[in-house]
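Colleague: generate coordinates for the sequence data below:
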Amino acid sequence: MAELYHDIINVQPSEQIVASSKIFLVTGISSGLGHAFAAGALAAGHSVFGTVRRAEDAQAFEALAPGRAHALVLDVTDYAAIPAAVARAGAVDVLVNNAGYGHEGVLEESSIDDLQRQFAANVFGPVAMMKAVLPGMRARRRGHIVNVTSMGGFITMPGISFYCGSKFALEGISESLGKEVAGLGIRVTSLAPGQFRTDWAGRSMDRTPRSIPDYDAVMDPIRAARQAKSGNQPGDPAKAAQALLELVEAADPPTRLFLGEDALALVERKLDAMRAEIATWDALSRSTAFSA
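Modeller: Next up, the predicted model:
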């Protein structure tokens with residue numbers, strides 16, 4: 001897996017060192033955005049504990065910055081193993097819940113097992129990670145939890161209903177948690193990327209085989225377009241990493257940060273549609289109170 005790390009071999013601290021070095025815990029650092037997040041934090045002079053699922057990935061990661069790059073062999077769906085792994089990281093300043101994957105499939109064609117696996121990786125694993133870091137953050141009265149969601153956690157697209165559902169769930173959990181811990185010096189942000197040049201839509205995606213012809217007109221063009229775009233997405237993971245670093249240095253970080261012009265455009269379109277729909281159904285919405 002050494003080729004995954006070719007762009008950050010021999011990482012050295014940047015000349016633009018942040019105000020203070022932090023301990024980052026980043027899940028899923030073997031590739032994609034997690035790889036970029038870990039690389040960016042190391043280059044900025046931070047220490048990074050990154051989770052990988054294979055021992056060979058662990059060795060490659062630790063070779064990047066000896067003494068500051070620490071690999072934790074962990075599958076985030078092994079919830080019982082999470083507390084011990086997090087304890088190895090010590091006083092975590094920033095948790096980045098990045099590990100997860102996308103499931104593509106028409107809801108009617110997809111199984112409940114598909115849904116359970118999607119939520120195990122994208123929701124239950126991140127929640128277990130949060131529960132493991134919160135006692136220490138609460139005791140120190142500081143910390144930042146960054147949950148990597150997706151523009152699909154606010155907008156929706158046909159063919160990825162289980163994925164969108166998992167990201168909607170993580171968005172809701174994140175926003176509610178942020179209100180619970182705001183008075184304890186802990187910040188929670190949902191980081192919602194648009195399309196970035198990773199393997200999310202390639203080999204990393206779990207695809208349910210097609211079986212019901214009635215969905216061909218909707219699903220076939222979407223699946224073909226997603227596969228054709230894989231490897232040519234507009235978002236630069238290295239720039240996403242720089243946005244993450246700026247986010248965790250902010251005195252008043254946002255509840256939610258969208259990344260990418262595509263994400264912003266689609267979110268604005270949904271907000272406009274929501275406002276119009278609310279206005280259309282305003283009278284019926286208001287009709288449910290007891291009569292005076």
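Colleague: and the nearest residue to residue 269 once chain neighbours are set aside, what is it in contact with?
Modeller: With sequence-adjacent residues excluded and distances taken as Cβ to Cβ, 6 or more residues apart in numbering, residue 269 is closest to residue 155, at 7.8 Å. From N, CA and C alone the C-beta is placed, and that goes for glycine too. Taking Cβ atoms under 8 Å, 6 or more residues apart in numbering, we find residue 155 in contact with 266, 267, 269, 270.
Colleague: where's the third one, which helix or strand?
Modeller: Secondary structure assigned from DSSP states H and E places residue 269 in helix 261-280.
Colleague: beyond that helix, next helix or strand please.
Modeller: helix 282-285.
Colleague: buried residues in that following helix?
Modeller: By 16 or more other Cβ atoms under 10 Å, helix 282-285 has no buried positions at all.
Colleague: for the record, mean pLDDT for it?
Modeller: Averaged over helix 282-285, pLDDT sits at 98.
Colleague: buried ones in the helix holding residue 269?
Modeller: Under 16+ other Cβ under 10 Å, the buried positions of helix 261-280 are 262, 263, 266, 267.
Colleague: ok, the residues you listed vs residue 203, which is closest?
Modeller: Nearest to residue 203, judged by Cβ to Cβ, of these is residue 262 at 22.1 Å.
Colleague: flag the shaky bits of the protein, pLDDT-wise.
Modeller: 1-19, 200-202 (pLDDT under 70).
Colleague: spatially central residue for it, please.
Modeller: In the chain, the residue lying closest to the centroid (Cα atoms, centre = their mean) is residue 148, at 1.9 Å.
Colleague: thought it was touching residue 193?
Modeller: Yes. Residue 148 lies in contact with residue 193 (Cβ atoms under 8 Å); the separation is 7.1 Å.
Colleague: list residues touching both of the two?
Modeller: The contact lists of residue 148 and residue 193 share residue 33, where a contact means Cβ under 8 Å, 6+ apart.
Colleague: ok, the residue nearest to residue 269 to residue 70 distance?
Modeller: According to Cβ to Cβ, to the nearest Å, residue 155 and residue 70 sit 36 Å apart.
Colleague: before we move on, what about residue 228?
Modeller: Distance, residue 228 to residue 70, using Cβ to Cβ: 38 Å.
Colleague: for the two, indicate the residue with more neighbours.
Modeller: residue 70 (19 against 10; other Cβ atoms under 10 Å).
Colleague: by how many degrees do the longest strand anywhere in the chain and helix 261-280 diverge?
Modeller: Criterion DSSP state E: the longest strand present in the chain is strand 186-193. Interaxial angle of strand 186-193 relative to helix 261-280 (axes from the mean of the first three to the mean of the last three Cα atoms, to 10 degrees): 100 degrees.
Colleague: within its sheet, name the partner strands of strand 186-193 and how each one runs.
Modeller: strand 143-148 (parallel), strand 256-259 (parallel) (DSSP bridges).
Colleague: okay, those, which one's buried deepest?
Modeller: strand 143-148 (a mean of 26; mean count of other Cβ atoms under 10 Å).
Colleague: residue contacts, residue 110?
Modeller: Per Cβ under 8 Å, 6+ apart, neighbours of residue 110: 103, 161, 162, 208.
Colleague: just send those residues back as JSON lines, with secondary structure too.
Modeller: JSON lines is the format used below for the contacts of residue 110 (DSSP: H, G, I helix; E, B strand; the rest coil):
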{"residue": "103", "secondary structure": "strand"}
{"residue": "161", "secondary structure": "helix"}
{"residue": "162", "secondary structure": "helix"}
{"residue": "208", "secondary structure": "coil"}
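Colleague: between those residues, which sits nearest residue 199?
Modeller: For these, the nearest to residue 199 is residue 103 (14.8 Å; Cβ to Cβ).
Colleague: correct me, but that closest one touches residue 205?
Modeller: Yes. Here residue 103 reaches residue 205: they are 7.4 Å apart, a contact under Cβ under 8 Å.
Colleague: please say which of the two ends up with more neighbours.
Modeller: residue 103 (24 against 19).
Colleague: how far away is that one from residue 124?
Modeller: 15 Å.
Colleague: again, but for residue 106
Modeller: Taking Cβ to Cβ, one finds residue 106 at 24 Å from residue 124.
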